[in-house]
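Peer 1: I'll drop the sequence and a predicted model, then ask my questions.
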Amino acid sequence: MHVATVLSPVTWANAPLSPGGYFVEDHNAAELLWASRGFGEVALKFREFEPFDPAKIWLPGARVLVVRVGGFGDLLWLNPIYKAMREAGVYVAHCCFDRYASVLNGFVDHVVHYPLSQLTATKYHQIIWLENVIEGKACEGTEHPAARFARVFNAPEGLPRAGYLFAAGERDTARDIWPRTGKKRVCVQTASSGSAKTYLRIPELLAEISMAGHEILMVGDPRPACEGVPPDVFDCSMKSFSFRQSVAMASWCDAIVAPDSAFVHVGAALGIPVLGLFGPFSGAAYMDGVPGIAMQGRAKCSPCSWHPRGTPFPPGQQCATSGFCNALANVPPGDIAFMLKRILK
């Protein structure tokens with residue numbers, strides 16, 4: 001963790017920062033310094049995480065602030081823990097980038113804008129930093145990342161892997177936008193937030209699913225969905241749907257096909273069968289407790305457990321030259337369609 005002293009107004013992460021002191025994660029500190037263009041508007045100082053008492057965060061009346069800046073899947077994992085804490089009488093706040101905040105609706109008492117101001121931090125009894133809890137060491141076997149978060153919080157055993165709550169009318173609106181027919185409907189996430197976790201043969205996969213007679217809901221980054229997309233595709237990204245709107249649309253699907261990214265965990269939260277596509281990370285770990293099937297990349301290097309901080313691919317490996325996960329690219333779309341058929345039955 002770093003303490004950033006902003007001396008004059010700076011725009012960072014599409015938001016203005018007023019002069020004052022802020023706590024930032026280590027990997028964001030350099031980004032914030034760069035945003036100041038080196039003109040002395042920001043001063044940085046390293047600081048160790050403040051220790052917290054896991055027993056005290058469950059005391060009725062405790063005010064707890066958790067810092068996890070994103071992404072969507074991470075916050076879905078945290079929601080069941082937050083639900084349990086609030087049921088124990090704890091006031092729960094979460095600090096993150098604004099674009100992720102809507103995932104927490106119904107699970108926290110307050111969302112705090114990141115970076116965390118020093119003044120805001122004084123309002124809480126306990127502050128829990130989750131930087132590197134997942135990134136620090138690869139999950140092994142069937143250890144789900146949510147289990148690591150649960151250990152940090154000393155949370156009760158048996159909590160769901162992910163949580164999500166709809167606002168009144170969200171699902172009804174989604175149903176009316178694209179009414180169901182007699183066909184099976186498959187949600188396909190087109191890309192992951194990381195290049196190494198993205199399955200590049202999406203157009204081929206869409207064609208396979210379409211030929212099987214299914215309707216397709218497409219969510220996520222539109223980049224891989226290039227020419228040749230079947231006509232029976234509803235593309236949320238092209239309609240500029242928000243994450244919550246896309247989740248509401250996905251809730252009417254019979255299955256989800258997704259790379260190692262948010263909609264795997266949306267499936268876990270909603271109880272929709274998932275066909276997860278995994279390359280750098282272990283499908284056995286990330287799909288533990290998720291209804292559905294994990295398909296692992298076809299190469300000896302998979303899983304490599306590479307977290308894309310600094311470089312998107314591990315240096316010196318084939319993927320660093322090709323620009324994509326070769327293990328994941330080796331999974332034929334036809335094989336995915338075959339496994340999808342099993343899930344839909």
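Peer 2: In hand now; what should we look at? Numbers count the residues shown, from 1 in each chain.
Peer 1: So for this protein, the centremost residue is which one?
Peer 2: Ranked by distance to the mean C-alpha position of the chain (C-alpha atoms, centre = their mean), the top residue is Gly73 at 2.5 Å.
Peer 1: Can you spell out which helices and strands pack onto the host helix or strand of that one?
Peer 2: For Gly73, the host element (DSSP states H and E) is helix 72-87. Using 3 or more C-beta pairs under 8 Å, 6 or more residues apart in numbering; DSSP states H and E as the contact test, the elements touching helix 72-87 are strand 63-67, strand 91-96, helix 145-153, helix 262-270. The C-beta positions use only the backbone N, C-alpha and C, and glycine is treated the same way.
Peer 1: where exactly do the helices run in the chain?
Peer 2: Using DSSP state H, the helices of the chain run over 26-35, 72-87, 118-121, 145-153, 170-177, 202-211, 243-250, 262-270, 283-286, 318-322, 326-329, 333-344.
Peer 1: need the ones you listed in CSV with mean pLDDT, can you?
Peer 2: As requested, the helices of the chain are exported to CSV (pLDDT from 0 to 100):
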stretch, mean pLDDT
helix 26-35, 79
helix 72-87, 97
helix 118-121, 92
helix 145-153, 93
helix 170-177, 97
helix 202-211, 92
helix 243-250, 97
helix 262-270, 96
helix 283-286, 90
helix 318-322, 85
helix 326-329, 90
helix 333-344, 95
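Peer 1: closest one to Arg99 among those?
Peer 2: helix 243-250 (8.0 Å; C-beta to C-beta).
Peer 1: Pull the contacting residues for the nearest residue to Gln318 once chain neighbours are set aside.
Peer 2: Leaving aside its sequence neighbours, Gln318 sits nearest to Asn326 (C-beta to C-beta, 6 or more residues apart in numbering; 5.2 Å). Residues near Asn326 by C-beta atoms under 8 Å, 6 or more residues apart in numbering: Gly297, Ala299, Cys301, Gln318, Cys319.
Peer 1: one step back: I'd say the residue nearest to the centre of the chain and Val264 touch.
Peer 2: Yes. Applying C-beta atoms under 8 Å, one finds Gly73 in contact with Val264, separated by 7.1 Å.
Peer 1: Thanks a lot, catch you later.
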